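Colleague: make a model of this:
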Amino acid sequence: MVRRGAQGEETSSAAAEGGLGTKEEDNPAFRRCVEEIRTYLVASRGRTEEERRQYSESLNRAVLGFEEERSRFVAIIGDQLAKRRLNHIAPPNHRYATLAEAVFAEVIGMNVLELLLRDREGLEEIQVVGRDIYEVRGGRAAPSPYKFQHVKDVERIQQNLVLFNNEVINPRKRWAEVSLMDGSRVTLTGFGFTAEPTMTIRFYTMRYFGLHTLCHPDYGTMNDTIKTIVQAILRACFNMIVIGPTNSGKTNLIKALIAELPDHERIVTIETRFELMLKRDFPNKNVIEYEVSDDDPHHSGNQAFKLALRQSPKRICHAEIRDDDANIYVRACTRGHEGSVTSVHVNELEDAPDAIADMCMLDGRGMNPARLAKRITEYVTQIGFEMGIVDGRRKLLRIGEYAYDDGEVKVRDIVRYDYAARTWRYPQPFSRKAAARFMKHDPDAHRTLASMGLLERC
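Modeller: Below is the predicted model:
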């Protein structure tokens, strides 16, 4: 596609929309102006910790395209330019109506990504690899019509993001992660760690969805029969595990499960980045939320588990089971914290117990792998949920009951999605052991499942 520029010259649509051909590097007055404003913004964090937190959050939101914060900082920049008598400097190119907008784009803005951020509807992720940009909508990544002109533009945005988050990305530390209070996460890597600078912005697009909402035709994640099964599983306090690829709805499902629980039940969540936001969405729930750091032994997942187990949790929600804390989570599930839930990265439900066992073995303790896998199967991964994407929509593809038989992990399919028929099947009923558990915790659910033919008969 070709467009006519102001003087009649032809430019590519990428140049017209992406701002290619800018010459900020050739404008020393503009560069000095940018550095003055950058220094001022960094120094204006506030006097108290709360003021600094709010200021950093506003900067983050401005960087990521939130209009209210963008307008506020454009106004602040304009005021500072006037006070410093710098308004005589011309904007570096015709993209910017004012010098304040040009400085904003350089110090806080996102370059060509600002065009993409104008249409936030349905935008789940922005993925940048070098100059290339990909948009993720409906769980699918597609090349963006926009593209950076220079890798330097990506590195400049990286520096803006870490600068306002008290982080660094430099030759000694070639990666960084920052996040917003709304749950949006930004992962950055630089030259030397990856072949090209990368940036992944994962927006917090998830709203509170209960199981009833996930049954609605607009979502179609499950149906009413599956909802009944899931509610019975929750009340029977099975320990649960969730698997599925990125953006398949694992967090949505975990949050919907927690929404079904009584508000008085003590729940402890352990995450590397706050994502569930339970206290925000469920202010009446008895929830303690831990945010852990892999780089800080005083605030590691291991330490969080130790403290959590002393805070009388009924259930533990571990966002993703990791190497360092696998043993502690296994111990928690075998010592009275029934009804807990976690996720793990595996391809099939059958792989989960062995994967967790492998993580447990990494701490160097002398453990029997077979006995460990059996213990995990019977106490940690009692029920498995598999999420996936079908025709661009998130689906609960499988619900399985775990058993350890003849030295092997077995999964009994209670629910399985039929891709050919585009509906769910119920291949096998719950085992007698599970039926006894339903009877113990919830006789009404036992009767309901029995009437549906979902319990194995004695």
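Colleague: please parse the chain into its domains.
Modeller: Domain ranges of the chain: 27-109, 119-205, 211-452, per the TED database.
Colleague: in a markdown table, list the ones you listed along with mean neighbour count and mean pLDDT.
Modeller: The way it works is simple: take the backbone N, C-alpha and C, and place the C-beta from them, glycine included. As requested, the domains of the chain are exported to a markdown table (neighbours: other Cβ atoms under 10 Å; pLDDT from 0 to 100):
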| stretch | mean neighbour count | mean pLDDT |
| --- | --- | --- |
| domain 27-109 | 17 | 82 |
| domain 119-205 | 17 | 86 |
| domain 211-452 | 18 | 91 |
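Colleague: tell me the SS of residue 29?
Modeller: helix (DSSP: H, G, I helix; E, B strand; the rest coil).
Colleague: OK, contacts around it?
Modeller: Counting by Cβ atoms under 8 Å, 6 or more residues apart in numbering, residue 29 touches residue 89.
Colleague: distance of it from residue 171?
Modeller: 29 Å (Cβ to Cβ, to the nearest Å).
Colleague: cool, and residue 141?
Modeller: Counting by Cβ to Cβ, the gap from residue 141 to residue 171 is 30 Å.
Colleague: same deal with residue 409?
Modeller: Distance, residue 409 to residue 171, using Cβ to Cβ: 45 Å.
Colleague: where's the residue nearest the centre of the chain, which helix or strand?
Modeller: Per Cα atoms, centre = their mean, the C-alpha nearest to the average position across the chain is that of residue 275, at 5.9 Å. Here residue 275 sits in a region with no helix or strand, counting by DSSP states H and E.
Colleague: then residue 142?
Modeller: Here residue 142 is assigned to strand 140-147, by DSSP H and E.
Colleague: and that strand, what does it pack onto?
Modeller: With contacts defined as 3 or more Cβ pairs under 8 Å, 6 or more residues apart in numbering; DSSP states H and E, the packing partners of strand 140-147 are helix 13-18, helix 113-117, strand 123-129, strand 132-137.
Colleague: ok, now which ones touch the nearest residue to residue 167 once chain neighbours are set aside?
Modeller: Distances taken as Cβ to Cβ, 6 or more residues apart in numbering place residue 176 nearest to residue 167, at 4.6 Å, with adjacent residues excluded. Each residue near residue 176 by Cβ under 8 Å, 6+ apart is listed here: 158, 161-162, 165, 167-169, 187-188.
Colleague: residue 270 too?
Modeller: 290, 292, 301, 304-305, 308, 316-319, 325.
Colleague: just checking, which helix or strand succeeds the longest strand belonging to the chain along the chain?
Modeller: For the chain, the strand with the greatest residue count under DSSP state E is strand 393-405. Counting by DSSP H and E, the next helix or strand C-terminal to strand 393-405 is strand 408-418.
Colleague: name the strands paired with the helix or strand just after that following strand and say parallel or antiparallel.
Modeller: Moving toward the C-terminus from strand 408-418, the next helix or strand (DSSP H and E) is strand 423-425. Partner strands and pairing direction for strand 423-425 (DSSP bridges) are strand 408-418 (antiparallel).
Colleague: other residues contacting the partner strand?
Modeller: 226, 229, 349-350, 353-354, 373, 377, 384, 388, 390, 395-404, 423-431, 454.
Colleague: swap in 7 Å and give it another go.
Modeller: Strand 408-418 has contacts (Cβ atoms under 7 Å, 6 or more residues apart in numbering) with 226, 229, 349-350, 353-354, 373, 377, 384, 395, 397-403, 424-428, 430-431, 454.
Colleague: same deal with stretch 255-268?
Modeller: Residues outside stretch 255-268 that contact it (Cβ under 7 Å, 6+ apart): 208-211, 214, 231, 234, 276, 278, 282, 284-288, 290, 308, 311-317, 341.
Colleague: of those residues, which belong to strands?
Modeller: Going by DSSP E, the strands hold 287-288, 290, 315-317, 341 from these.
Colleague: distance of residue 350 from residue 112?
Modeller: When distance is defined by Cβ to Cβ, residue 350 is 44 Å away from residue 112.
Colleague: hmm, I was thinking of residue 156
Modeller: Applying Cβ to Cβ, the value for residue 156 to residue 112 is 12 Å.
Colleague: now swap in residue 285 and tell me
Modeller: Separation of residue 285 from residue 112 (Cβ to Cβ): 41 Å.
Colleague: with adjacent residues omitted, what lies nearest to residue 440?
Modeller: Closest residue in space to residue 440, ignoring its immediate chain neighbours: residue 236 at 7.7 Å, by Cβ to Cβ, 6+ apart.
Colleague: contact partners for residue 227?
Modeller: Neighbour list for residue 227: 211-212, 215 [criterion: Cβ under 7 Å, 6+ apart].
Colleague: past the helix or strand in which it is found, which element shows up next along the chain?
Modeller: Using DSSP H and E, residue 227 falls within helix 224-235. For helix 224-235, the following helix or strand on the C-terminal side (DSSP H and E) is strand 240-243.
Colleague: give me the contact list for that following strand.
Modeller: 250, 253-254, 341-344, 346, 349, 352, 381, 383-387.
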